[in-house]
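> Sequence first, then the predicted structure:
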Amino acid sequence: MAQVVDPEMPMLTLDDLGVVRGIEVDDEGGVTVTITPTYSGCPAIEVMRDDLRATLGAAGYERVEVRTVFSPPWSTDWISDDGLRKLAQAGIAPPGRVGPRAAGPVPLTLTASPAAVRCPRCDAPATDELSRFGPTACTALRRCPACREPFEHMKEI
């Protein structure tokens with residue numbers, strides 16, 4: 001399982017990313033992996049499933065089932081500390097912690113949150129958002145006024 005990388009952020013394994021929710025091995029050599037994608041429309045979900053099946057099949061499991069669950073919804077809080085470190089090393093500002101969520105409706109805001117995002121290159125404390133959306137739906141594009149370098153920031157979810 002530690003060998004299966006995220007198709008969109010290959011510096012992270014699926015385990016680092018926190019999408020692997022459970023693994024069950026039965027008495028007949030089969031394995032069931034339960035995953036929660038980062039969001040319900042994740043375009044990489046099929047690749048994740050295929051990579052899990054191939055890796056576990058190569059490890060000797062004859063029957064591999066990959067189940068997808070959406071509840072509870074994935075959160076960036078599920079990214080491991082090692083995963084946060086790997087993001088920063090790759091030049092992607094890791095998300096901050098969101099914390100527990102209240103039950104009930106999710107409030108809708110039409111403006112971006114004024115999050116303070118540190119530069120992953122020079123560690124400057126304040127950066128500018130260039131675009132709310134980056135190469136993937138879960139990232140934003142930012143630039144550091146101190147070192148003038150652009151970078152991605154994984155948004156808090």
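Received it, and whenever you're ready, just let me know what you need. What you see is a predicted model; the values in this text were computed from it and never measured. Numbers count the residues shown, from 1 in each chain.
> Could you pull up the mean pLDDT of the longest helix seen in the chain?
Looking across the chain with DSSP state H, the single longest helix is helix 45-58. Helix 45-58 shows a mean pLDDT of 95.
> packing partners for the very next helix or strand once past it?
Where DSSP states H and E defines the elements, the next helix or strand beyond helix 45-58 is strand 63-68. Helices and strands touching strand 63-68, by 3 or more C-beta pairs under 8 Å, 6 or more residues apart in numbering; DSSP states H and E, are strand 30-35, helix 45-58. The C-beta positions use only the backbone N, C-alpha and C, and glycine is treated the same way.
> Show me what counts as buried in the longest helix of the chain.
45, 48-49, 51-53, 55-56 (16 or more other C-beta atoms under 10 Å).
> on contacts alone, who are the packing partners of it?
The criterion is 3+ C-beta pairs under 8 Å, 6+ apart, and the helices and strands that helix 45-58 contacts are strand 30-35, strand 63-68.
> To Ala124, which of these lies closest?
The minimum distance between Ala124 and these falls on strand 30-35, with 35.7 Å, by C-beta to C-beta.
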